[in-house]
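Trainee: here you go, sequence then predicted model.
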Amino acid sequence: MAEDERSPLLRDKNVPRTDEEEDVGCGASAACDPRRSLHRYLVLILMCFLSFGSYFVYDNPAALQTHMKEDMKLDTSQFMMFYSLYSWPNVILCFFGGFLLDRVFGIRLGTILFSCIVVVGQCIFAIGATLGGDIGYIVMCAGRFVFGLGGENLAVAQNTYAVSWFKDRELNMVFGLQLSFSRVGSTVNMNIMGPLYSFIFEQQPEWTAHKVLGVTLWVGAGMCLISLLCAIVLAYFDKRAARILKKEDGKTGEVIKLTDIKDFPLELWFIFLICVAYYVTIFPFIDLGVVFFEEKYDMNPSEASAINSLVYILSAVCSPVLGFLVDRTGKNVFWIFVGVFCTLGAHMMLAFTFWNPYIAMVVMGMSYSLLACALWPLVAFVVPECQLGTAYGCMQSIQNLGLAVIAIVAGKLVDVKGYLLLEVFFLAWLCLALIGVAFLYLVDASRGGTLNMSAAERRKQVGLIKEPLDKGRQDDTTSPIRPRSDFQLRNRYLSRIGAKLPEHYNYHLSTLSRRGVLQ
């Protein structure tokens, strides 16, 4: 065989490949060429599976609430500790996830590392259930804490990969698919873990109950292991693409300066208040929802799990549509009010009526999606770009602190007073959120009404204040809306929930990739 016809498979291993040789063989096909759409779509499948395992195991306790409390002999407050311990590390880590990926580990190693942490955390959780007793409970708590160290940052890594591969192309679609696929993980967990526990118990009647629980949780560890394998394969393809396309590694773009907190405007603190007061009525309710529906509406475990997962299903379906609605109409503060008010109505129906609970859960799911679409982009309107990372970090920190505390309080209330008082407790928080919305509207109106402008009014204001960047005449700290066409800063965050982006889109991931937004 002639030298120039020799297959690359027979070449000297000590001689490095050239870029041209990468296109020989498999690389010559569309499936292996990072410049072709087919290859990017195959990589997208790996990206979607990155967080599937994490979202699947996050609500393992909710899907197995009855069995977990009976088998481990836990009261509700001890059960809710599993969720509280997930949130505690993220009170701090939400400030540093982007820094770790950008400056310490890099996107490839960081993704693999955080995936490993998720796997280890779930394995510890399953081992604790297998052990049973007080020692087993302590081990399970340790597992949830370890899981919390990796879960949030894995979401940041996933979205950093998305920007690196799909910016200027199908980024809007990619974010929507990732969000929907994460919801699939949560929904699958809610609907299969209970029946899986029952199946294992029937097949192995001689096993102790806590051993059956442990084996069931090992299925969740297997799901996390699949996500870890996807992270490893994705790192290979990303490194290969970087060599062929001569591109830089993906960056989160997150910049954190805690000294910026002293410069936060009053509107931002009301946004923080609304965020924590609203989300503590959603996630803890879902965590405790299965037993609530079983006891109040006399549902079997499968029916209760199905209705409890409705919020996640509707979030996946409705977020892109409602995000587009908010994008086209503006009036963010009005839509926030609608979201909080409708959620208040949903909790009142669950607390004081025996109407079909599907009505309340559909209203709650759509309201939750609407509020997320309208609330999170507001941060980019009230702080300059240089403070966005710090602002979103604070928002996530406060949210996780609230969830960590309220999870324990909610468990105590159920143990002492029952679910009716728990619903009244949630209603009180929603009333506080409504008060926050009212003050946000008043403060914003006194300063020009920027946050509740219509989309047309915002486009008009941008046209009035826009100046060429090279003149350097616009001070970053003076305008709540950056002078860039079509509200470029806002679109960075609207992309996460499915709104249509202009062609000159410029990304900034920051913290919309956190679990508080994805859920």
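Mentor: All right, it came through fine. Predicted, not measured: the structure shown is a model, and the values here were computed from it.

Trainee: please count neighbours and contacts with C-alpha atoms only from this point.
Mentor: Noted.

Trainee: where exactly do the strands run in this protein?
Mentor: Assignment of strands within the chain using DSSP state E yields no ranges at all.

Trainee: remind me, longest helix of it?
Mentor: Using DSSP state H, we find that the single longest helix of the chain is helix 209-245.

Trainee: what comes up buried for it?
Mentor: For helix 209-245, the neighbour count (16 or more other CA atoms under 10 Å) marks 209-232, 234-235, 237-242, 244 as buried.

Trainee: state the mean pLDDT of stretch 133-141.
Mentor: Averaging pLDDT along stretch 133-141 yields 94.

Trainee: I figured residue 32 hits residue 39, correct?
Mentor: Yes: A contact is recorded between residue 32 and residue 39 when judged using CA atoms under 8 Å, the distance being 5.6 Å.

Trainee: the two - which one has more neighbours?
Mentor: Per other CA atoms under 10 Å, whichever of residue 32 and residue 39 has more neighbours is residue 32, with 19 against 16.

Trainee: can you tell me how far the more buried one is from residue 417?
Mentor: Here residue 32 is placed at a distance of 60 Å from residue 417 (CA to CA, to the nearest Å).

Trainee: same question for residue 205.
Mentor: Distance, residue 205 to residue 417, using CA to CA: 35 Å.

Trainee: now do residue 457
Mentor: Residue 457 sits 50 Å away from residue 417, taking CA to CA as the criterion.

Trainee: neighbour count for these two, which is higher?
Mentor: Per other CA under 10 Å, whichever of residue 457 and residue 417 has more neighbours is residue 457, with 15 against 10.

Trainee: so where is the stretch 151-300 of the chain shaky, pLDDT-wise?
Mentor: Low-confidence regions of the stretch 151-300 of the chain, defined by pLDDT under 70, span residues 159, 167-176, 247-258.

Trainee: now swap in the stretch 401-519 of the chain and tell me
Mentor: Under the criterion pLDDT under 70, the flagged ranges of the stretch 401-519 of the chain are 462-519.

Trainee: who touches residue 431 in this structure?
Mentor: Applying CA atoms under 8 Å, 6 or more residues apart in numbering to residue 431 gives the contacts residue 344.

Trainee: stretch 336-354: which residues count as buried?
Mentor: 336-351.

Trainee: hmm, I was thinking of stretch 155-165
Mentor: In stretch 155-165, residues buried by neighbour count (16+ other CA under 10 Å) are 155-165.

Trainee: would you mind writing the CA trace of stretch 207-216 as PDB?
Mentor: Coordinates of the C-alpha atoms in stretch 207-216 are reproduced here as PDB (Å, rounded to 0.1, in the frame of the first residue of the first chain):
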ATOM      1  CA  TRP A 207     -36.300  -8.500  52.900                       C
ATOM      2  CA  THR A 208     -36.700  -5.900  55.600                       C
ATOM      3  CA  ALA A 209     -38.600  -2.800  54.500                       C
ATOM      4  CA  HIS A 210     -35.600  -0.500  54.800                       C
ATOM      5  CA  LYS A 211     -33.600  -2.800  52.600                       C
ATOM      6  CA  VAL A 212     -36.300  -2.600  49.900                       C
ATOM      7  CA  LEU A 213     -36.100   1.200  50.200                       C
ATOM      8  CA  GLY A 214     -32.300   1.100  49.800                       C
ATOM      9  CA  VAL A 215     -32.500  -1.100  46.700                       C
ATOM     10  CA  THR A 216     -35.100   1.300  45.200                       C
END
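
Trainee: could you check how far residue 106 is from residue 154?
Mentor: Residue 106 sits 13 Å away from residue 154 when distances are taken as CA to CA.

Trainee: looking at those two, which one has more neighbours?
Mentor: Neighbour tally, residue 106 and residue 154, criterion other CA under 10 Å: the higher count belongs to residue 154, 29 against 17.

Trainee: is residue 400 in contact with residue 85, as I believe?
Mentor: No: using CA under 8 Å, residue 400 is not in contact with residue 85, being 10.1 Å away.

Trainee: and the helices in the stretch 51-200 of the chain?
Mentor: Across the stretch 51-200 of the chain, reading from the start of the chain, the helices by DSSP state H, counting those that start in this stretch fall at 52-58, 60-63, 65-71, 76-93, 97-99, 107-131, 133-166, 171-203.

Trainee: what residues does the first one touch?
Mentor: This means helix 52-58. Applying CA under 8 Å, 6+ apart, the contact partners of helix 52-58 are 118, 122, 151, 181-189, 220-221, 223-227.

Trainee: and it, average pLDDT?
Mentor: The pLDDT scores in helix 52-58 average 90.

Trainee: so how far is that helix off the chain centroid?
Mentor: A distance of 11 Å separates the centroid of the chain from that of helix 52-58, by CA atoms, centre = their mean, to the nearest Å.

Trainee: adjust the sequence numbering to begin at 36 for everything that follows.
Mentor: With the count now opening at 36, the last piece we talked about shows up as helix 87-93.

Trainee: could I have the CA atoms of that helix written out in PDB?
Mentor: Provided in PDB are the C-alpha atoms of helix 87-93 (Å, rounded to 0.1, in the frame of the first residue of the first chain):
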ATOM      1  CA  PHE A  87     -31.500  14.000  34.100                       C
ATOM      2  CA  GLY A  88     -30.100  11.900  36.900                       C
ATOM      3  CA  SER A  89     -29.800  14.900  39.200                       C
ATOM      4  CA  TYR A  90     -33.500  15.900  38.700                       C
ATOM      5  CA  PHE A  91     -34.600  12.300  39.000                       C
ATOM      6  CA  VAL A  92     -33.100  11.800  42.400                       C
ATOM      7  CA  TYR A  93     -33.800  15.300  43.800                       C
END
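
Trainee: how long is stretch 385-398 from one end to the other?
Mentor: The distance separating the two terminal residues of stretch 385-398, taken as CA to CA, comes to 11 Å.
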